[in-house]
Each structure stands twice: as C-alpha cells, then as structure tokens.
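Asker: what's the 3D shape of this:
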Amino acid sequence: MKSEAVFSISLTVVLLVFAFFLFQPEADPRFPSHCGPAQKFLDLNWNGYPYEVDQPITRGTPGIPFEVRFGQPVVRTAAGPFSNWPLELDPPQELEGSSQVPYAQIRIPMELGAEAYFISFEAAILPSESEPAAYDFTLFLDGNSTHSLKFDWRGEVRAIVTPNHSGEKFVTIPPRERFRIEAFLDLSQERVSFKVNEAEWTGPTFGRFKDLTGIRISFRDSLSGGAVAAIDNLEIYSFMDSNKK
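Answerer: Presented below is the predicted three-dimensional model:
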C-alpha cells in the first residue's frame, strides 16, 4: 500500500515537471537570452481611437502615447506597401524663402529604469515621382548621449554612435521597399545593436547610458518636398536584470 502511494506521488511529480517544460512559452528569438523577462511597454498600430484616418495628429492631441515634435503625422488607409492604417510622416512645406529643412518627428518618452530595451517597427520611404531625392529617415535612441540609425536618399543605412562621425554603413534599402527595424539597447553591457531586415550592426554605446530617456522617429525632406515615410506595428519592450528580484 505504501509503495503504491510512493509510486503515485512520484508519477504525479514526473507529470508536473513534464507539463512545465512542455507548455512553458518559447523564448522570443528576437530577445537576447541573458536578459530577464520581457515587459511590453507599447504596442502601436494606429488602428481605431484616438486616431482618425486622414486627420492630422497635432501637438497635445489627447490619448496618444507619443509626442509630436515636428509636423503633423497622419494615419492613412494605405501608403506605399502598407495597406492597414500606417502612420505617415510628411514634412510640412516651409514658407517661401525659408532656409529650414522640413521635419516630421514623433517622440516616445521612456525612462523606465530598465536594464535593456528592444524596439521594433516596420517602415517604408516613399520618394516623390517628380522632385529630386534629398531626404533622410532616422531612428534616435536618446539618453546621456544619442545613438541613431539613419537611412539616406541613396538607400544607405548607417549606425551612428557618436555625435561627431558619419556612421558605419551596413546595408542598403531601396526606396518604396517595406523593411523591418529592430534596435536593442543593453545598458548593463553597454552595447547597442541595430537590425534592418536580416542585416545587423552591433557596437559599444557612446558614454555611460543611465537610462533610455526617449525614442524619436524622424523624417526630413528637401526644401522642395514631396517625399514621405510610413511606419507601422511599433513595439517596445523593457527588460530587468534576471538576477534582480
């Protein structure tokens, strides 16, 4: 009788352990294995309230989790390769005689006190059919210093980790092509990586980042205007140190 009880308990333990490993969620391959559990901070696809199709989003628009720094982003039903309500960044036309280059930019405030951050979104650059190409599209990671990923009108993509150099080219993206951007900022190991589709660049951070204070997505056009950028499916995750409780 006693042996049957011991066998029953042992079998239950084995089944529980098996179920734990069988049904536990698989690790997301996008996230480095040394990080702690991922916490989703933001998931934006612009569908539905408070966004209205073809209506500009202005500074101070209530209910949006980002700041409009420059221009007036607009949600479209479609833009280039996107067909499901992307956000369009269309720099405003400057007044005649102005020497300022038009910008459209949004900023997501951060400062979560995390050990690492992961940012992912899709984008496309849509140049004008008639105007000369002279634009750039940039992702900025702001903190004690700023690291950026910059796409220029030639399609060249550069990772810029100090404010005083032109950056390292590591991939070329044709205009109008839909591409995915991933960025991982590891504060504990002082490393930053950028990934565009399957091409990846990794390097040390410039200066000691205390925290990621903000994320900016910016599109700058020529004075003649005509080009736009579209973004969609923006996700941001934070990670705490797996050794901290």
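Asker: can you list the weak-confidence ranges in the protein?
Answerer: Residues of the chain meeting the criterion pLDDT under 70: 1-30, 33, 93-101, 131-132, 163-165, 223-225, 241-245.
Asker: state the distance from residue 66 to residue 202.
Answerer: 27 Å (CB to CB, to the nearest Å). Any C-beta I mention is one placed from the backbone N, CA and C, and that applies to glycine too.
Asker: any idea how far stretch 68-83 is from the chain center?
Answerer: 16 Å (CA atoms, centre = their mean, to the nearest Å).
Asker: quick one: terminal-to-terminal distance for it?
Answerer: Stretch 68-83 has an end-to-end distance of 23 Å (CA to CA, to the nearest Å).
Asker: any chance you could map the helices in this structure?
Answerer: 2-23 (DSSP state H).
Asker: so which of residue 66 and residue 202 has more stuff around it?
Answerer: residue 66 (20 against 13; other CB atoms under 10 Å).
Asker: let me see the contact set for the closest residue in space to residue 126 that isn't next to it in sequence.
Answerer: Spatially, and ignoring its direct neighbours in sequence, residue 126 is nearest to residue 80 (4.6 Å; CB to CB, 6 or more residues apart in numbering). Neighbouring residues of residue 80 by CB atoms under 8 Å, 6 or more residues apart in numbering: 124, 126, 176, 178, 230.
Asker: burial count for the last one?
Answerer: Spelled out, it's residue 230. A count of nearby residues for residue 230, using other CB under 10 Å, gives 22.
Asker: same check, this time on the second one
Answerer: As a burial measure, residue 126 scores 19 neighbours (other CB under 10 Å).
Asker: surely it meets residue 229?
Answerer: Yes: Residue 126 is in contact with residue 229 according to CB atoms under 8 Å; the separation is 6.9 Å.
Asker: still on that earlier bit, got phi/psi on the residue nearest to residue 126?
Answerer: phi 60, psi -130 (degrees, to the nearest 10).
Asker: how near is it to residue 34?
Answerer: 37 Å.
Asker: do residue 84 as well
Answerer: Distance, residue 84 to residue 34, using CB to CB: 35 Å.
Asker: and for residue 137?
Answerer: Distance, residue 137 to residue 34, using CB to CB: 31 Å.
Asker: ok, the two, which is more surrounded?
Answerer: Between residue 137 and residue 34, counted using other CB under 10 Å, the more crowded position is residue 137 (25 against 13).
Asker: ok, now which ones touch residue 178?
Answerer: Residue 178 touches 80-82, 122-124, counting by CB under 8 Å, 6+ apart.
Asker: what is the nearest of these to residue 198?
Answerer: residue 122 (14.3 Å; CB to CB).
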